[in-house]
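**Student:** Quick one: sequence plus predicted model below, questions after.
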Amino acid sequence: EKASIDEFYLDLSGMDKFFGCYQWTKEIALAVTKETGLPISFALSTNKTVSKIGTGEAKPVGRLEIKDLEIKPFLNPLSIKKIP
């Protein structure tokens, strides 16, 4: 799903049965950077809001995976202003 000129979301639900979503996403990011020279940050989580916040926290070239049990500990110390 395209969110803006430089922001996209992928629903990878169920893909862990076949291969690691984090590894696959990391490989995509590396390929995009190699082809374009653009820095890529990403965050994987159970919903778009947590992923969006995670990506912001990971910038400029970071990679995060925020699993279900890690969501509250990840979000709790952040300012409410981080919520899009």
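**Tutor:** Sure thing, it's come through. Residues are numbered from 1 along each chain as shown.
**Student:** Do you have the strands of the protein handy? List them.
**Tutor:** 2-4, 7-8, 42-44, 63-65 (DSSP state E).
**Student:** longest helix of the protein?
**Tutor:** helix 21-36 (DSSP state H).
**Student:** still on that earlier bit, so can I have TSV of the strands of the chain showing mean pLDDT, mean neighbour count and distance to residue 76?
**Tutor:** The C-beta positions use only the backbone N, C-alpha and C, and glycine is treated the same way. What follows is those, written out as TSV (pLDDT from 0 to 100; neighbours: other CB atoms under 10 Å; distance: least, CB to CB, whole Å):
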stretch	mean pLDDT	mean neighbour count	distance to residue 76
strand 2-4	84	8	25
strand 7-8	85	10	25
strand 42-44	95	21	16
strand 63-65	95	17	16
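**Student:** Go ahead and flag the most central residue of this protein.
**Tutor:** residue 43 (1.7 Å; CA atoms, centre = their mean).
**Student:** Not counting its neighbours along the chain, what's nearest that one?
**Tutor:** Among residues not flanking residue 43 along the chain, residue 54 sits closest, at 2.7 Å (CB to CB, 6 or more residues apart in numbering).
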